[in-house]
Every structure is written in C-alpha cells, then in structure tokens.
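Trainee: fold the following, please.
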Amino acid sequence: MTADLTIDALGLLCPLPVLRLAKRIRDLAPGQVACLIADDPAAAIDVPHFCTEQGHRFLGDEPVNGGTAYFIELT
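Mentor: Predicted coordinates for the structure are as follows:
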C-alpha cells in the first residue's frame with residue numbers, strides 16, 4: 001500500500017507513536033493516507049482506537065522490517 005506520508009516511530013513506546021502520528025497528520029488533506037511504522041506492541045490497539053476517536057479510517061497493517069506499518073486514511 002502506498003502512503004502520502006510515512007512516519008517513523010520505531011523505538012518509541014506508548015503513547016509516543018500515536019502522539020507523533022497525531023502531530024504529523026495535521027497538514028494532510030482528507031483522503032490522503034498516512035503510514036505509521038512502529039514496533040511498540042501497544043500500537044496494534046492504539047492506532048485503530050485513535051482512528052475511531054478522531055474519525056479517520058484505519059486501512060489495516062502489514063509487517064515491515066523491524067516493526068509494523070499502520071495505514072490511516074484521513075477524513
């Protein structure tokens with residue numbers, strides 16, 4: 001899956017990956033896709049929850065070297 005913005009949160013622990021995501025997507029337009037790469041196990045819960053709370057669409061995740069890539073479509 002391709003993304004308009006990739007955010008590296010490898011090595012960061014909860015809640016920092018989601019906080020970094022929230023800060024970096026402020027400049028994206030609705031319909032654009034952000035990719036958060038994280039290795040914190042809590043991100044598997046935190047990212048979908050963040051999307052639900054903020055009204056964004058969680059597109060899914062896939063393994064990448066060193067972590068997991070989470071894809072979010074902004075609404």
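Trainee: could I get the full set of helices for this protein?
Mentor: 16-24, 43-54 (DSSP state H).
Trainee: residue farthest from the centroid of the protein?
Mentor: Centroid-distance maximum for the chain: N65 at 15.9 Å, with Cα atoms, centre = their mean.
Trainee: check that residue and give its pLDDT.
Mentor: pLDDT, N65: 89.
Trainee: picking up where we left off before, quick one: which of the helices of the chain is nearest I72?
Mentor: Minimum separation from I72 across the helices of the chain (Cβ to Cβ) falls at helix 43-54, 5.7 Å. In this view, the C-beta of every residue, glycine as well, is placed from N, C-alpha and C.
Trainee: possible to save the helices of the chain as JSON lines with mean neighbour count, mean pLDDT and distance to E73?
Mentor: Below are those laid out as JSON lines (neighbours: other Cβ atoms under 10 Å; pLDDT from 0 to 100; distance: least, Cβ to Cβ, whole Å):
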{"stretch": "helix 16-24", "mean neighbour count": "18", "mean pLDDT": "98", "distance to E73": "13"}
{"stretch": "helix 43-54", "mean neighbour count": "17", "mean pLDDT": "98", "distance to E73": "9"}
